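> After the sequence you'll find the predicted model.
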Amino acid sequence: MADVELITDAAQQGVSRRSFIKGVIAAGATASTASYLFRNSSPLAALPTAQGSVERLITLTVNGQQRRVDVLAQETLAMTLRYKLGLTGPKLGCDRAECGACTVLIDGVNRYSCSILTHTVRGQEITTIEGLESANGRLHPVQQAVVDEGGFQCAFCAPGFIMSMVATVEANPNPTREEMAHALSGNLCRCGDYNKILDSAMRAAEYARRRA
Amino acid sequence: MAVIRDMIPAFDLFQPTSIEDAIDLLDQYGDDSWVFAGGMDSFDWMKDRIKRPTAVVDLGNIPELKGITSSDDGLEIGAMTTLTEVASNSDVTSRFGLLSQAAGLVATPQIRNQGTLGGNLSQDTRCWYYRAGWPCYRAGGNICYASAPLAMNREHCIFGADRCVAVNPSDTATALIALDAKMVVHSSKGEREVDAEDYFIGPGIDITRMTVLETGDILTTIRIPGTWAGAQFYFEKVEDRKSWDFALVSVASALVVNNGRIERARIAVNGVAPYPMRLDAVEAAVTGKPQNEETAEAAGDIAIRGASPLRHNDYKLPLMKNLVRRALREQAP
């Protein structure tokens, strides 16, 4: 009984247990992995920058927030999001635009964050799966549909698929199953769970129509 | 080569806002510069550390390189226009459906959302020996690993080999050749216009390049004349997977047919040579002929004349023959 009350207390204060734990992990993990990835060995980071090239300290609009971040010229958006901003929703499956697990929305358009130079999306709206839920904790219709349909097995690919579904239901609120399959053809699922993913996607379109 | 290396080696990134500024940068850095459009081809090279440019020039902030405008009776497409836009723009779909079809079959939605028409045309070959960094002819060495006795060359060429047996991977190239498009190239020497079919070069001309573009050149605009607007089009891309993949063989044709007779024809195939190949002999053979099975059969036979397959790619002969036949048959409206 006491446990339940504790959790409820936390939820009322606007901090869920999940996000509290995530916060603790992110604070430690981003610091440690980032120091490995961005270690200062000479060919990687230490070229003196030429005049007229991009400034490293930039502001990105991520999930509706302005985030100040130090970004190398050669840094991909997936690296910036995961290792500098602690947004680990976009997964690095292949790092080669071949799997779709890193899919995010740039101004509402689904793209592979592993294959975007962060500097090329300054000033554009970046949305990761962390930004889909509304402030009051209500799930995005696409997320709700995935929960209801139980669309994924291991779900490593889920954040990418869900971002593609969001872009699709925005662009085409009334897709046929075939159109939906085509729209999701840039995301891979190694469990081979495509039929259930498509069920979720069709349900997502239905929920999105209803909420619109 | 799907290996995650920690980071791309450092380079300076420039984001000029005009074509002139971009060209100045390319001239300043010469062979150390890299033209960056959508980046879908560039990232592999950089992540694998096979190409190490020190100055990357991102064309994404140059407004005049984006968009589709009507001109005279044709269209002008900025080289930085995304493939998604090319595939869905109503001017393109209504009059030059061949190009929208081709653009819509490139890779995946995410890649089309970012990849550009200019980039799709100017991308490097996919030969994995070359892309893995082997010192082949194309990379400046003196051997072709893909035509060695035990080489894996199922995807390589059946025409046009000259030391190198790689193929051109572009889907939109054939469509633009069939539409008689012109490529507009800017450099510090000014502007020049190149026929689509001459834009692509074989290894015999320069084994290290896929196109006429040299250091300091930027493809800025693709001009499509009205000549073939609304013609009878056919595009087909045969690939191992229905998404992501490059063509094994693709075909694009434009025909003007009057009373069942082929008055004018342009046809091009890709995936069979180091450059997208216009089939002049087929065009000549079918012009003036009735559009029937006999003509299609003859065209298929003519198309593959002179082909010389490698150890693992003779399947491309019947494939190409059949695609050319299909491209000449009457299409269901």
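Looks like it came in fine.
> and B:V194, what does it touch?
Counting by Cβ atoms under 8 Å, 6 or more residues apart in numbering or on different chains, B:V194 makes contact with B:182-185, B:212. (Each C-beta comes from the backbone N, C-alpha and C, glycine too.)
> With B:L255 instead?
B:231-234, B:262, B:264-265, B:291, B:328.
> Wasn't it part of a helix?
No. Read with DSSP: H, G, I helix; E, B strand; the rest coil, B:L255 is strand and lies in no helix.
> do you know how far it is from B:Y234?
8 Å (Cβ to Cβ, to the nearest Å).
> Need the overlap of contacts for those two.
B:L328.
> Enumerate the residues of chain B near chain A.
B:1-2, B:4, B:6-15, B:25, B:36, B:39-40, B:43-44, B:46-47, B:54-56, B:58, B:60, B:84, B:107-111, B:113-114, B:242-244 (Cβ under 8 Å from any Cβ of the partner chain).
> Make a ChimeraX selection of the buried ones in the residues you listed.
A single ChimeraX command selects the buried members of the residues of chain B next to chain A (16 or more other Cβ atoms under 10 Å in any protein chain shown):
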select /B:7,8,9,10,11,12,13,14,15,25,36,39,40,43,44,46,47,55,56,58,60,84,107,108,109,110,111,113,114,243,244
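> Could you tell me which of the residues of chain B next to chain A belong to helices?
B:25, B:43-44, B:46-47, B:84, B:109-111, B:113-114 (DSSP state H).
> which ones are touching B:V56?
A:73-74, B:11-14, B:33-34, B:36, B:42.
> go with 6 Å
Shown in contact with B:V56 (Cβ atoms under 6 Å, 6 or more residues apart in numbering or on different chains): B:11, B:13, B:34, B:36.
> Check B:P169 too.
Listed by Cβ under 6 Å, 6+ apart, the contact partners of B:P169 are B:126, B:246.
> how much space between it and B:K182?
In terms of Cβ to Cβ, B:P169 sits 22 Å off from B:K182.
> re the thing from before, export the contacts of B:V194 to a markdown table and append columns for distance to A:K84, pLDDT and neighbour count.
Shown next, in a markdown table, are the contacts of B:V194 (distance: Cβ to Cβ, whole Å; pLDDT from 0 to 100; neighbours: other Cβ atoms under 10 Å in any protein chain shown):
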| residue | distance to A:K84 | pLDDT | neighbour count |
| --- | --- | --- | --- |
| B:K182 | 44 | 98 | 20 |
| B:M183 | 40 | 98 | 25 |
| B:V184 | 40 | 98 | 17 |
| B:V185 | 38 | 98 | 22 |
| B:V212 | 41 | 98 | 18 |
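> Which one of the residues you listed is nearest to B:R154?
Among the contacts of B:V194, B:V212 lies closest to B:R154 (Cβ to Cβ), at 28.9 Å.
> Can you tell me which residue of the stretch 151-300 of chain B sits closest to chain A?
Of all residues in the stretch 151-300 of chain B, B:S243 sits closest to chain A, at 3.9 Å by Cβ to the nearest Cβ.
> nearest spatial neighbour of B:G97, skipping sequence neighbours?
B:F233 (5.4 Å; Cβ to Cβ, 6 or more residues apart in numbering or on different chains).
> What strand or helix carries the one you found?
Using DSSP states H and E, B:F233 sits within strand B:232-238.
> ok, that strand: who's next to it in the sheet?
Partner strands for strand B:232-238, per DSSP bridges, with pairing direction: strand B:249-258 (antiparallel).
> Do you have the strands of the stretch 151-300 of chain B handy? List them.
Applying DSSP state E, counting those that start in this stretch to the stretch 151-300 of chain B gives strands spanning B:182-187, B:190-195, B:218-224, B:232-238, B:249-258, B:261-270, B:277-278.
> And those strands: which comes nearest A:Q144?
When the strands of the stretch 151-300 of chain B are compared for distance to A:Q144 using Cβ to Cβ, the nearest one is strand B:232-238, at 37.1 Å.
> Next, the angle from the closest one to strand B:261-270.
Counting by axes from the mean of the first three to the mean of the last three Cα atoms, to 10 degrees, strand B:232-238 lies at 30 degrees to strand B:261-270.
> As CSV, the ones in helices among the residues of chain B next to chain A with distance to B:I68 and pLDDT would be great.
As requested, those are exported to CSV (distance: Cβ to Cβ, whole Å; pLDDT from 0 to 100):
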residue, distance to B:I68, pLDDT
B:L25, 26, 98
B:F43, 26, 96
B:D44, 28, 94
B:M46, 29, 95
B:K47, 32, 93
B:T84, 12, 98
B:P109, 19, 98
B:Q110, 21, 98
B:I111, 19, 98
B:N113, 16, 98
B:Q114, 17, 98
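> Report the two of those separated the most.
Maximum distance among these (Cβ to Cβ): 31.7 Å, for B:L25 and B:P109.
> Show the backbone phi and psi for the closest residue to A:A212 other than its chain neighbours.
Once flanking residues are discounted, A:A212 sits nearest to A:P173: 6.8 Å by Cβ to Cβ, 6+ apart. When read as degrees, to the nearest 10, the backbone of A:P173 gives phi -70, psi -10.
> Is A:P173 in contact with A:R211, as I believe?
No. Assessed by Cβ atoms under 6 Å, A:P173 is found out of contact with A:R211, at 10.5 Å.
> Would you check how far apart the residue nearest the centre of chain A and B:D12 are?
For chain A, the residue nearest the mean C-alpha position is A:T128 (2.9 Å; Cα atoms, centre = their mean). Distance, A:T128 to B:D12, using Cβ to Cβ: 28 Å.
> Equivalent analysis for B:N292, please.
60 Å.
> Over to B:Y234?
45 Å.
> got it, and A:P159?
Computed as Cβ to Cβ, the A:P159 to B:D12 distance reads 32 Å.
> Just give the closest residue to B:L98, not the sequence neighbours.
The shortest distance from B:L98 to any non-neighbouring residue, by Cβ to Cβ, 6+ apart, is to B:F233 (3.9 Å).
> who's that neighbour bridged to?
B:A254.
> following the helix or strand where A:A78 lies, which helix or strand shows up next?
Using DSSP H and E, A:A78 maps to helix A:77-79. Where DSSP H and E defines the elements, the next helix or strand beyond helix A:77-79 is strand A:103-106.
> quick one on the thing from earlier: now for the residue nearest to the centre of chain A: which residues touch it?
A:T128 makes contacts with A:87, A:89-90, A:104, as judged by Cβ under 6 Å, 6+ apart.
> likewise B:Q110?
Here B:Q110 is in contact with A:110-112, A:186 (Cβ under 6 Å, 6+ apart).
> Is B:C157 in contact with B:R163, as I believe?
No. Counting by Cβ under 6 Å, B:C157 stays clear of B:R163, with 11.6 Å between them.
> Of these two, which one has the most company?
Set B:C157 next to B:R163 and count neighbours by other Cβ atoms under 10 Å in any protein chain shown: B:C157 wins out with 31 against 15.
> what does the model give the more buried one for pLDDT?
The per-residue pLDDT reported for B:C157 equals 98.
> For the lowest-mean-pLDDT helix or strand in chain B, buried residues please.
Least confident helix or strand of chain B, by mean pLDDT, DSSP states H and E, is strand B:68-71 with a mean of 93. Buried residues in strand B:68-71, counting neighbours by 16+ other Cβ under 10 Å, are found at B:I68.
> Not counting that strand itself, show me its contacts.
So strand B:68-71 is contacted by B:76-77, B:89 (Cβ under 6 Å, 6+ apart).
> before we move on, back to that, quick one, what contacts the residue of the stretch 151-300 of chain B closest to chain A?
Residues in contact with B:S243, defined by Cβ under 6 Å, 6+ apart, are A:185, B:108.
> one more time with 8 Å
A:185-186, B:107-108.
> and the contacts of B:V56 as JSON lines, adding pLDDT?
Converted to JSON lines, the contacts of B:V56 look like this (pLDDT from 0 to 100):
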{"residue": "B:F11", "pLDDT": "96"}
{"residue": "B:L13", "pLDDT": "97"}
{"residue": "B:W34", "pLDDT": "98"}
{"residue": "B:F36", "pLDDT": "98"}
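> That concludes my questions; thank you for your assistance.
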